[in-house]
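[1] Test case, fold it:
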Amino acid sequence: MVSAIILAGGESSRMGQDKSMLKWTNDLPLWLHIKSILTQAGCENIIVSGTQEKTFIPDIIPNKGAMSGIHSCLTHMDFISDDVIIVPCDMPKISLNLIKSLIEQGDNTSLYYDKSIFPLLIKNRPTMKDIINNYLKTSEKCTIKGFLKEINASKINYLNTGELDNLNTQEEFKTAFESTSLNTITHK
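    You can find the predicted model right below:
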């Protein structure tokens, strides 16, 4: 079984407003747009980190960035899942094929694409929660890259880097929104 975590707990300081609630071209908030893609890819249990909605999971260990959200969501999972896909809410151009490819290639190891640390797939072994908890408590700088090194995650190639863009500013959002809207209109 594949589960998923959507990271939506960031401060959105460069965006100037909560990124997770911005409406994408399908008129869904970004977090719900990402959830839709993950559902289509076959993810059965999808948890969202953050505090914007009642169903979102707040950080247990605050001020550790994305690692706090991953830790809190994994700790909250009361179901068994072999693989967990982790995607931030600010990557709306990811495709169904991108997620499916990550799942299909993740036989025995945690994976991420060589152009970006997200989306990533982690093997949810019984020790994973302990590894993350220890990493948060012992690492001065809790980065995703450091965590990926800690769990010996493998990089895989992906050529369409536009899908891996995350949107941090109003200008980036506007440009991505307009180009995606234009593509939707021309492909109908």
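
[2] Can you tell me the SS state at the residue most central in space within the chain?
    With distances taken as C-alpha atoms, centre = their mean, residue 87 lies nearest the centre of the chain, 1.1 Å away. Secondary structure assignment for residue 87 (DSSP: H, G, I helix; E, B strand; the rest coil): strand.

[3] so it makes contact with residue 118?
    Yes. Taking contacts as C-beta atoms under 8 Å, residue 87 lies within contact range of residue 118: 6.0 Å. Placement of C-beta: from N, CA and C, glycine included.

[4] between those two, what contacts are shared?
    Between them, residue 87 and residue 118 share these contacting residues under C-beta atoms under 8 Å, 6 or more residues apart in numbering: residue 7.

[5] Hmm, residue 1 is touching residue 44, no?
    Yes. Because the distance of 5.6 Å satisfies C-beta under 8 Å, residue 1 is recorded as touching residue 44.

[6] Which residues are in contact with each of those two?
    residue 81.

[7] measure the residue nearest to the centre of the chain to residue 34 for me?
    Distance, residue 87 to residue 34, using C-beta to C-beta, to the nearest Å: 6 Å.

[8] who touches both of the two?
    Between them, residue 87 and residue 34 share the neighbouring residues 6, 94, with contact defined by C-beta under 8 Å, 6+ apart.

[9] re the thing from before, chain neighbours aside, what residue packs nearest to the residue nearest to the centre of the chain?
    Taking C-beta to C-beta, 6 or more residues apart in numbering, and ignoring the residues beside it in sequence, residue 87 has residue 119 as its nearest neighbour in space, at 4.3 Å.
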